[in-house]
Structure formats: structure tokens, C-alpha cells
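Participant: quick one, fold the following:
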Amino acid sequence: MVIGICKEPEGENRVSCLPDVVKQLVQLKQEVWIESGAGERAYASDADYKAVGAHVADQKEVWLHADMLCRMHFPESDELLAQAREKTIWVGMYQPLYHAAEIQKMASRGMTVCSLDAIPRTTRAQSMDVLSSQANIAGYKAVILAAAHYPHYFPMLMTAAGSIQPAKVLVLGAGVAGLQAIATARRLGAVVEAFDTRPAVKEEVMSLGAKFIEVEGAADPSAAGGYAVEQSADYQRRQKEKIAATIAKADIVITTAQIPGKRAPLLVTREMVESMRAGSVIVDLAASTGGNTELTRNGETIVHHGVTIIGNSNLPSTVPADASKLYGRNLLHFLQLLIGKDGRLQFNFEDDIVSAACVVYEGKIRDARILQTVQQA
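Facilitator: Next up, the predicted model:
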């Protein structure tokens with residue numbers, strides 16, 4: 001099988017595979033073609049790929065020869081998609097529940113689509129969990145970004161000129177990104193509070209040195225795969241009151257809450273933002289699905305009432321070397337489920353990981369939720 005590693009669109013600095021992963025794919029009897037320049041933004045040169053046995057070619061050649069194309073993002077246009085052969089296998093992070101139209105286009109050409117962000121977040125699938133590996137980076141970088149925009153110190157400082165009080169950080173959502181944000185903010189010396197609808201994460205939050213803000217009566221999130229779930233109107237009212245009281249005292253807010261296939265929950269209203277002190281910073285990691293704040297604009301940084309609001313769901317791209325390394329290892333472990341000992345590809349849909357990730361197989365949409373969205377369009 002020929003595996004093509006594509007160059008990502010402008011604005012994306014990661015690459016699906018760095019040379020160390022390509023070397024292992026070659027050892028698995030795969031022929032690997034690299035689009036020239038694909039790894040440059042992640043500090044991997046064409047020469048590095050050639051040294052481990054890959055073929056380097058231009059985009060047209062790679063797309064024409066590849067049986068499988070590894071590309072994190074969808075092709076940006078129908079014209080670009082048409083350059084790939086029909087029945088090509090695509091592997092990436094496609095957020096299929098949000099992009100049913102793009103999925104339908106690929107299905108109409110008999111293609112197979114494996115979306116790694118659809119892999120179940122189970123113990124067995126941990127080594128393939130791209131959501132966790134990339135969210136970890138996002139949580140870290142969110143705090144670094146906030147610190148860069150915040151006009152004060154993060155830690156408490158006592159100097160001859162007087163004392164500086166530590167920054168107060170509020171993290172909304174204590175999943176992988178939220179926990180990393182807590183840990184990073186604490187390392188920088190901030191006082192941290194965290195909110196989550198899942199009481200089970202209280203111990204983890206407190207173990208990192210943060211205070212856990214709890215609102216009783218949350219809906220059971222056990223079947224949501226680590227995501228938030230929709231809450232009752234009464235719970236949302238009490239949640240809003242609690243967050244409003246806390247956010248008015250916060251200097252930095254990191255928001256991370258998302259619900260699969262739906263708009264991100266609205267946690268921070270305009271009024272809450274306007275209650276914050278001038279110079280405060282909000283980093284919204286849920287920007288691509290609507291954002292957790294009423295004022296978030298995806299891919300933009302705005303200032304409202306003296307508060308800087310950064311809408312960025314692609315922070316892992318700003319740490320491209322390590323983000324690519326971790327993503328590539330996730331990808332490799334997934335491909336090992338598909339590649340037999342003879343090097344041939346096989347889709348075993350009795351495997352829950354393969355079944356969940358493969359949202360389209362040879363032109364047939366397998367995920368009922370995507371199919372329903374397509375039929376309703």
C-alpha cells in the first residue's frame with residue numbers, strides 16, 4: 001500500500017508523520033510518499049524523510065499515487081479533492097459531526113474516511129487518542145498565551161518597591177486541556193480555581209493545587225467520553241450564577257468545554273465579561289464550535305470593555321514539533337490495527353476502535369448521526 005503524507009493548509013504547522021514514524025511505517029512494509037515541504041513547519045526537512053526511506057514528490061504526484069492520504073484537515077476545495085483518486089482512504093481529524101457536507105462529498109467518490117477524533121476514549125485506545133494528546137498541548141499553550149497578553153505578573157512577588165499579588169486564574173472545564181491549564185498556571189505561580197460539571201474530577205483538580213467550584217445536580221456525564229453533556233435549565237441557571245460570582249474576581253479565564261456534535265456550551269455572557277477588570281484575559285479553546293463565551297470569534301483576538309478575548313481552537317499548531325510527534329504516534333498505533341503482518345490493509349469492524357474511527361467505508365457513511373444530518377440537509 002502507498003501511504004501519502006500531505007502538506008497541511010496554510011495556518012496549520014503540524015504534519016501527520018515526522019520521520020521517526022515514517023521509518024516505522026516502512027518497516028511495516030508500507031511505501032510512503034511525502035508531499036515536498038510537508039514537514040518544514042514542524043522542523044522536518046525533505047532530506048530527513050528521504051533518509052528513512054520515503055519518496056518525496058509534489059502534491060499532485062503524491063495524491064495520484066497514494067492509496068491512503070494522511071491529512072489532518074479536509075481539502076479546502078472541491079477542485080483539490082478531485083485531485084485524489086476515487087476510493088482513496090483519508091485519515092485525519094475531521095470533526096465529522098460538524099462537517100457532514102464534506103463527509104458526503106468524500107462518500108460520493110467512493111472514498112473511505114477515518115477520523116481519529118472519533119476514536120472512543122477507552123483504556124485500550126489511549127495510545128491513539130489524538131484528542132487527549134493535542135488537548136494537553138492546547139491547555140499548556142492557552143496559559144502561556146494568556147500570560148503573554150496579561151499586563152501583570154503571574155506569580156506573587158515581594159520586592160523593595162512593594163508586593164505584587166498573584167494572578168487569579170479560572171479554568172472552565174477540567175478535561176485534559178483544563179487539567180493541563182491548571183498545572184501550567186500553578187507552575188507559573190497563579191492562584192487557580194476550576195469549574196466542571198463532573199464531580200468526579202474534583203480530586204484531580206485539587207491534587208494540582210487548585211480550588212474546585214462545584215454546582216450540585218449535574219447530569220450524568222459517564223457516557224460522554226470525557227466531554228461535557230447538556231444540563232437542565234435549573235442547573236444552567238445555578239451554574240451561571242456561580243460562574244458570574246467567580247469570574248468577576250478572575251484575571252485570566254481559560255474555557256475548554258465542548259459537547260460532541262453540538263454547539264459548545266455558553267458559559268460566559270457579555271455581562272460576565274464586562275464585570276471583569278480591565279487588562280483581564282480570556283482564552284477560549286472551544287472557539288471552533290461556537291465558543292464558551294458570548295463574544296468569542298473563532299481565529300480572532302478582540303478586546304471588549306478592556307478584556308482581551310482570544311478565540312483559538314488550534315493552539316497545538318503553535319507547538320508543531322511536539323504536537324506532530326504525538327499525533328504521529330497516535331496515527332501509527334491506529335494504522336497498526338489496519339495493517340496485517342503481510343503489509344496489506346484490512347478493516348475489522350468487529351474492533352470497536354476501527355468501527356468508531358471509520359465513519360465512511362468505500363462510499364458508505366457508517367455513522368448514523370452523520371447520515372441523519374446528511375439526509376436532513
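Participant: and the gap between the closest residue to residue 29 other than its chain neighbours and residue 20?
Facilitator: Using C-beta to C-beta, 6 or more residues apart in numbering and skipping the chain neighbours, the partner closest in space to residue 29 is residue 343 (3.0 Å). All C-beta atoms are positioned from the backbone trio N, CA, C, and that covers glycine. Per C-beta to C-beta, to the nearest Å, residue 343 is found 19 Å from residue 20.
Participant: between those two, which one's more packed in?
Facilitator: residue 20 (14 against 11; other C-beta atoms under 10 Å).
Participant: any chance you could list what contacts stretch 132-146?
Facilitator: Stretch 132-146 is contacted from outside by 93, 121, 126, 169, 175-185, 188, 226, 252, 254, 256, 281, 283, 285, 310, 312-313, 315-316, 318-319, 322-323, 326-327, 329-330, using C-beta atoms under 8 Å, 6 or more residues apart in numbering.
Participant: 6 Å instead?
Facilitator: Stretch 132-146 is contacted from outside by 176-177, 180-181, 184-185, 252, 254, 281, 283, 285, 315-316, 318-319, 323, 326, 330, using C-beta atoms under 6 Å, 6 or more residues apart in numbering.
Participant: just the ones of the residues you listed in helices?
Facilitator: Counted as lying in helices by DSSP state H, out of those, are 176-177, 180-181, 184-185, 323, 326, 330.
Participant: just to be sure, residue 309 is in a helix?
Facilitator: No. According to DSSP: H, G, I helix; E, B strand; the rest coil, residue 309 belongs to no helix; its state is strand.
Participant: what is it paired to in the beta sheet?
Facilitator: residue 282, residue 302 (DSSP bridges).
Participant: ok, it to residue 329 distance?
Facilitator: Per C-beta to C-beta, residue 309 is found 34 Å from residue 329.
Participant: what's the local residue count around the closest residue to residue 261 other than its chain neighbours?
Facilitator: Counting by C-beta to C-beta, 6+ apart, residue 97 is the residue found nearest to residue 261 once chain neighbours are left out, at 3.5 Å. By other C-beta under 10 Å, 19 other residues sit near residue 97.
Participant: separation between residue 97 and residue 62?
Facilitator: 29 Å.
Participant: check what pLDDT the nearest residue to residue 4 once chain neighbours are set aside gets.
Facilitator: The spatial neighbour of residue 4 that comes closest, neighbours along the chain excluded (C-beta to C-beta, 6+ apart), is residue 66 at 3.0 Å. Per-residue confidence for residue 66 comes out at a pLDDT of 97.
Participant: now swap in residue 159 and tell me
Facilitator: 88.
Participant: what bridges to it?
Facilitator: Counting by DSSP bridges, the residues bridging with residue 159 are residue 162.
Participant: from residue 128, how far out is the residue nearest to residue 261?
Facilitator: 19 Å.
Participant: quick one, helices of this protein?
Facilitator: Using DSSP H, helices in the chain cover 19-27, 46-51, 59-65, 78-81, 100-108, 130-149, 176-187, 202-207, 233-247, 270-275, 320-338, 352-357, 368-376.
Participant: most tightly surrounded among the ones you listed?
Facilitator: Sort those by mean neighbour count, taking mean count of other C-beta atoms under 10 Å, and helix 176-187 sits at the top with a mean of 25.
Participant: run through who's touching it.
Facilitator: Taking C-beta under 6 Å, 6+ apart as the rule, helix 176-187 contacts 132, 135-136, 138-140, 142-143, 169, 171, 192, 194, 208-210, 254, 256, 285.
Participant: how far does it sit from its chain's centre?
Facilitator: Centroid displacement of helix 176-187 relative to its chain, using C-alpha atoms, centre = their mean, to the nearest Å, is 16 Å.
Participant: what's the angle from that helix to helix 130-149?
Facilitator: 40 degrees (axes from the mean of the first three to the mean of the last three C-alpha atoms, to 10 degrees).
Participant: would you mind writing the CA trace of helix 176-187 as PDB?
Facilitator: What follows is helix 176-187, C-alpha atoms only, in PDB (Å, rounded to 0.1, in the frame of the first residue of the first chain):
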ATOM      1  CA  VAL A 176      -7.300  17.000  29.500                       C
ATOM      2  CA  ALA A 177      -6.900  20.600  28.300                       C
ATOM      3  CA  GLY A 178      -8.300  22.100  31.500                       C
ATOM      4  CA  LEU A 179      -6.100  20.000  33.800                       C
ATOM      5  CA  GLN A 180      -3.000  20.900  31.900                       C
ATOM      6  CA  ALA A 181      -4.000  24.600  32.000                       C
ATOM      7  CA  ILE A 182      -4.400  24.300  35.800                       C
ATOM      8  CA  ALA A 183      -1.000  22.600  36.100                       C
ATOM      9  CA  THR A 184       0.700  25.200  33.900                       C
ATOM     10  CA  ALA A 185      -0.900  28.200  35.700                       C
ATOM     11  CA  ARG A 186       0.100  26.800  39.100                       C
ATOM     12  CA  ARG A 187       3.700  26.300  37.900                       C
END
